[in-house]
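Engineer: Here's a sequence, model it:
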Amino acid sequence: MKNPINSAIFSLTTALILMQYSTASAAATPGDVADVRREVQISTTYALSPFLRADDIQVEVINGKATITGTVNEDVNKDLAEQIALGVKGIKEVDNKIKVDVSYVASTKAKERNFVEVVEDATVTAAVKSKLMWSKYADGLSTNVDTASGKVTLQGTASSPVAKEMAGRLAMNTRGVTEVDNQLKVTDEAPTMKDKVVGSMDKASQQISDSWITTKVKSTFTYSNSVNSSAISVTTKNGNVTLSGQLADGAERALAIQLAESVRGVNQVNVKELKD
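Structural biologist: Numbers count the residues shown, from 1 in each chain. You can find the predicted model right below:
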């Protein structure tokens, strides 16, 4: 299944480079433009690959022939780079000039977050924020979420230790998260009138209907890195959620139940038809 985020990144990158190319060379032929597209597709795929993104690899495509140069630390990565290039439509030949150096270490510049990683972190931040907003503990949270290379930092306040712990759990269970620094401070300060008004508006706008709950439970599963969302069916009636399907084990089943119970508006979760 294609990742829509990765597809969007590739489309945007291609558009920007083609725009620059056409501006720099008004006499560009259709063949030249096609080669640029192929070059961008190969380079973007390298950037998206967890095995190649930190390596020093350059790509040049001329008349359907891709020449790849640079340095990697394993033969398998050199072969992967070639296979990716060969898989691009229109590439007839690959001249693989990549050098293998087992002592190769990515430069400091290469270790910095690239555009793809910045987008991935922003996506993680959005997912965590969404899960916290849907949580039944959201009324007691005032949270700032920041993500850097998969590490999520939570700052702000929580109304109880339980709310703080649940915020950390929801963040840690989000797809793409490698670590959570939960800096939320527990406070019993009463919310201001502004907070109450905003909270009321949020509740009204959310209209906690059965369909809303079903959608948010499904989305929570989709964002999870430990629950197979495609294996679970979700239905809701009068705030009572029913989960059915077949999961890998008891741990995944227990997590699915916990995630469903954490969604705002859920009264109880029926799991008689959820097997492991």
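
Engineer: for Leu52, what are its contacts?
Structural biologist: By Cβ atoms under 8 Å, 6 or more residues apart in numbering, the contact set of Leu52 is 46, 72, 77, 80-81, 84. Where C-beta positions appear, they are placed from N, C-alpha and C, glycine not excepted.

Engineer: between the residues you listed, which is nearest Glu252?
Structural biologist: Top of the list for closeness to Glu252, among the contacts of Leu52 and by Cβ to Cβ, is Leu80 at 30.6 Å.

Engineer: List the contacts of the host helix or strand of that closest one.
Structural biologist: In this assignment (DSSP states H and E), Leu80 forms part of helix 75-86. When contacts are defined by Cβ under 8 Å, 6+ apart, helix 75-86 is touched by residues 42, 45-46, 49, 51-52, 55, 57, 59, 66, 68, 72, 91, 94, 96, 98, 100.

Engineer: then that helix to CSV, C-alphas only?
Structural biologist: As requested, the backbone C-alpha atoms of helix 75-86 are provided in CSV (Å, rounded to 0.1, in the frame of the first residue of the first chain):
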residue,chain,number,x,y,z
ASP,A,75,27.3,-4.3,-0.4
VAL,A,76,23.6,-4.8,0.3
ASN,A,77,23.0,-1.1,0.3
LYS,A,78,24.8,-0.7,-3.0
ASP,A,79,22.6,-3.4,-4.5
LEU,A,80,19.5,-1.9,-3.1
ALA,A,81,20.3,1.5,-4.6
GLU,A,82,20.7,-0.2,-8.0
GLN,A,83,17.5,-2.2,-7.7
ILE,A,84,15.5,1.0,-6.8
ALA,A,85,16.9,2.8,-9.8
LEU,A,86,16.1,-0.1,-12.1
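
Engineer: which residues touch the residue nearest to Lys92 when sequence neighbours are not counted?
Structural biologist: In space, and not counting its chain neighbours, Lys92 is closest to Gly64: 4.3 Å by Cβ to Cβ, 6 or more residues apart in numbering. Gly64 makes contact with 35, 38, 90-93 under the criterion Cβ under 8 Å, 6+ apart.

Engineer: Let me see the ranges of the strands in the stretch 1-150 of the chain.
Structural biologist: When assigned using DSSP state E, counting those that start in this stretch, the strands of the stretch 1-150 of the chain occupy the ranges 56-62, 65-72, 93-96, 99-100, 141-148.

Engineer: Show me the one of these that comes nearest Glu117.
Structural biologist: Each of these was scored for nearness to Glu117 using Cβ to Cβ, and the closest is strand 141-148 (9.1 Å).

Engineer: Okay, buried residues for the closest one please.
Structural biologist: Of the residues in strand 141-148, 141-143, 145, 147 count as buried by neighbour count, 16 or more other Cβ atoms under 10 Å.

Engineer: one step back: most neighbours among the contacts of Leu52, please name it.
Structural biologist: Greatest neighbour count in the contacts of Leu52, by other Cβ atoms under 10 Å, goes to Ala81: 26 neighbours.

Engineer: Could you measure from it over to Gln41?
Structural biologist: Shown here: Ala81 relative to Gln41, a distance of 13 Å by Cβ to Cβ, to the nearest Å.

Engineer: Same question for Val263.
Structural biologist: Here the criterion is Cβ to Cβ. By it, Val263 lies 39 Å from Gln41.
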